[in-house]
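Asker: below is the structure, and that's it, no one-letter string:
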């Protein structure tokens, strides 16, 4: 019997004789002790990883940075993949960490505007060929399909930052992933990069869990897409959508992209729509789209509207910037009971220069409370 | 007597076992929460808002100031220099008796401005609102008001003036990390369910180097008490709150730094000027407000260090801080007893508050009683030294293991100290925390309970600052 076995059986026998309380105590101590040891090991492991990462980063920078700056900004000639292949100072990265760090370095050089200030001109052709030569597209496309969610998300982030060279099929596994964050991000990236059916997911309402942050991301993607080809009229997707925040988002984007053709649709939708959120967006978008009859619509709707809708009606009129709305605003100021609405109207009137100012002065003469006195003193100051 | 002692010992043992179980569970939940946050939100997500200013939701940064003449300029500049496209800074001068207001007027070229003030939540009367003539500071508003005696009253004045749907509640001496606002708002946007508050990690600024309101070199505190407190904060934020956030049961969004939904705060009645723990009180009332209206809500916690604050550097200051916390905790249970064990309030009533009652509130009482009982048992030779060391080791390991988990979580989240030896310093001192820090903490809490029961009046006073390494060295003596 080995010494280990001897002590194992000895202490097992001793332990078996202890009361339950002591057994539990020993069990807890073992758990806490293991946690302490595991944390210490993890501390040193993280330290090792971070030091290694810093060293590797330095190494990649040393090998590639000067050449990358030269190729991307100061070569002033188009370099093909073959040209790059012939350059002995540009070894192809073999390991995964090399590819990750090289991508980071290329993106960092790309986003650094100081080279252009020094007389350099960004060479898009060379940039694409560099990524192809280093096989970085392939690497990141493979990473999208990784079973590790954090790796797949990072890959999508990089693909978006690289800005091209990926087909929609690359996202086939992640656009239906069960992790909502990854799935939505993949669908938006698909929308940005697929050349065959980019609007597939927009048509389907993008995702059941669409939220405000997705709105920001999708807004950015639509802007990028609009740079290449004007985006189609968004009305048909509003029609198909059942989710109110997605509908509201699309309505807002119609205003942002100045889709004047959508006005009749929006007016019609306003009449049938039940959601206050969507109605609010319609009012503001109609103002953004300079729809003059909005003033009549506002007159009809204002008194029966809820407070958020009233706020949106006034915001719509602010965006419309039409002098014809001044009588309505004056009347509304006098009839509303809400102090916040009064502040909004006064702020709007300030934007109409002399005409607005004269209305403000006439309203101020009728002010009946300390609040109104302050409000007009603030506006006319 | 023997039976009582036996019962007490068993009760304490199972109490410790449950605390361990709770801590280990929170540590596991916190770990997964931190890991997922790290993969979801990076600098690129923060930059998305900076790239589209028109899409960035507005945020009001509200900070009360009472007799802060010597630091007010640095602090105001630090807040105005935050990197976010759409924010305003509201400094509430809570009836300072020094030159706080004059200093601000001079530095920022302020003029008294008529303002359509709406009192949405109650506070002491406002004397005036100041705005800058310099367009560079167009997003700065100074609210001058009568002294309300508490931070809560000053916060209410700031909330009344706030223009945006979300506001940050912070202390004037807290230094915010430049990209804080984007970090705080992203979790709000990335949720289908309304997020009513977001918390982040607070750290000790003692010993850090600061230049013009920005931290240029992060260091662990070099004095003993702030060092212990640094580890204590890491445990509280990275294990406790990150763990609770997984269950949507964050008990308290810190009064030192947190983001809140303005309309929910107003709906819940604003900050309670009579509360000794206005932050926890506000958090609980916001939850109750949502549950009473059967509305869904989330309270989020992010692992990033967003605010650096000066911690008590000696026992006298620690005493002041902890007795206030003790008073506040007891007050919470008396004022909000209707939430406790009330299924109507969901996790707050059935999990969060019972946990706080048994493990936060009772712990100092049981520990103090335990100390006297051990002394009695020692005196009467009733201690079984064969097993005594084992139980002592258990209690010791609870603290040490959780500190190590928290320090490691912090390092894995982001390396803030320059050298690993500085993390080593935290680890080293965490070995002594149970012996050198916790006993004082415990006693101060119990004294705080006592003070509350004797109903002594407490007002907020100017903070005694030892000063970190910055341009303006400050030492103000307390008025208390």
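Answerer: Perfect, I can see it now. For clarity, every value in this text was computed on a predicted model and none was experimentally measured.
Asker: is residue B:199 bridged to anything, and to what?
Answerer: residue B:258, residue B:301 (DSSP bridges).
Asker: can you check the one 5 residues further on too?
Answerer: For residue B:204, the beta-bridge partners under DSSP bridges are residue B:309.
Asker: measure how buried it is and give me the count.
Answerer: 27 (other Cβ atoms under 10 Å in any protein chain shown). No exception for glycine: its C-beta is placed from N, CA and C like everyone else's.
Asker: what do you get for residue A:322?
Answerer: Residue A:322 has 16 neighbours, counted by other Cβ under 10 Å.
Asker: contacts for stretch A:187-196, please.
Answerer: Residues from elsewhere that reach stretch A:187-196, judged by Cβ atoms under 8 Å, 6 or more residues apart in numbering or on different chains: A:156, A:159-160, A:164, A:166-168, A:170-171, A:175, A:198-202, A:206-207, A:214, A:217-218, A:221, A:224-225.
Asker: for the stretch 201-350 of chain A, which residues are neighbours of chain B?
Answerer: A:209-217, A:219-220, A:339-340, A:342-343, A:346 (Cβ under 8 Å from any Cβ of the partner chain).
Asker: what packs against the strand or helix carrying residue B:242?
Answerer: Using DSSP states H and E, residue B:242 maps to helix B:242-246. Applying 3 or more Cβ pairs under 8 Å, 6 or more residues apart in numbering or on different chains; DSSP states H and E, we find helix B:242-246 packed against helix B:2-40, strand B:298-309.
Asker: shouldn't residue B:230 be in contact with residue B:426?
Answerer: Yes: assessed by Cβ atoms under 8 Å, residue B:230 is found in contact with residue B:426 at 6.4 Å.
Asker: what do the two both touch?
Answerer: With Cβ under 8 Å, 6+ apart, residue B:230 and residue B:426 have common neighbours residue B:220.
Asker: verify the stated contact: residue A:321 with residue A:353.
Answerer: No: contact criterion Cβ under 8 Å: residue A:321 and residue A:353 do not qualify, at 11.3 Å.
Asker: among the helices and strands packed on helix B:242-246, which gets the worst mean confidence?
Answerer: Note on the helices and strands packed on helix B:242-246: lowest mean pLDDT is at helix B:2-40, with a mean of 88.
Asker: give me the angle between that helix and strand B:298-309.
Answerer: For helix B:2-40 against strand B:298-309, the angle by axes from the mean of the first three to the mean of the last three Cα atoms, to 10 degrees is 90 degrees.
Asker: the closest residue to chain B within the stretch 251-381 of chain A: neighbour count?
Answerer: Residue nearest to chain B within the stretch 251-381 of chain A: residue A:377 (3.3 Å; Cβ to the nearest Cβ). For residue A:377, the count of nearby residues is 15 (other Cβ under 10 Å).
Asker: distance of it from residue B:108?
Answerer: Distance, residue A:377 to residue B:108, using Cβ to Cβ, to the nearest Å: 21 Å.
Asker: just the pLDDT at residue B:462, thanks.
Answerer: pLDDT, residue B:462: 51.
Asker: now stretch B:120-133: mean pLDDT?
Answerer: Mean predicted confidence for stretch B:120-133 is 93.
Asker: that one vs chain A: in contact?
Answerer: No: contact of stretch B:120-133 with chain A is not found when judged by Cβ under 8 Å from any Cβ; the minimum separation is 9.0 Å.
Asker: any idea how far apart the tips of that stretch sit?
Answerer: End-to-end span of stretch B:120-133 (Cα to Cα, to the nearest Å): 27 Å.
Asker: how far does that stretch sit from the chain's center?
Answerer: 25 Å (Cα atoms, centre = their mean, to the nearest Å).
Asker: now swap in stretch B:201-218 and tell me
Answerer: That offset, for stretch B:201-218, works out to 17 Å (Cα atoms, centre = their mean).
Asker: buried set for it?
Answerer: Buried positions in stretch B:201-218, judged by neighbour count with 16 or more other Cβ atoms under 10 Å in any protein chain shown: B:201-208, B:210, B:213-215, B:218.
Asker: what's the answer for stretch A:167-182, then?
Answerer: Neighbour-count burial for stretch A:167-182 [16+ other Cβ under 10 Å]: A:168, A:170, A:171, A:174, A:175, A:177, A:179, A:181, A:182.
Asker: about what we covered before: tell me the contacts of the residue of the stretch 251-381 of chain A closest to chain B?
Answerer: Counted by Cβ under 8 Å, 6+ apart, residue A:377 has contacts residue B:114.
Asker: now do the same for it: helix, strand or coil?
Answerer: Following DSSP: H, G, I helix; E, B strand; the rest coil, we place residue A:377 in the helix state.
Asker: give me the most central residue, the chain.
Answerer: As the question left the chain open, I've gone with chain A. residue A:217 (2.9 Å; Cα atoms, centre = their mean).
Asker: wait, chain B was what I had in mind.
Answerer: Centre-nearest of chain B using Cα atoms, centre = their mean is residue B:254, 2.9 Å out.
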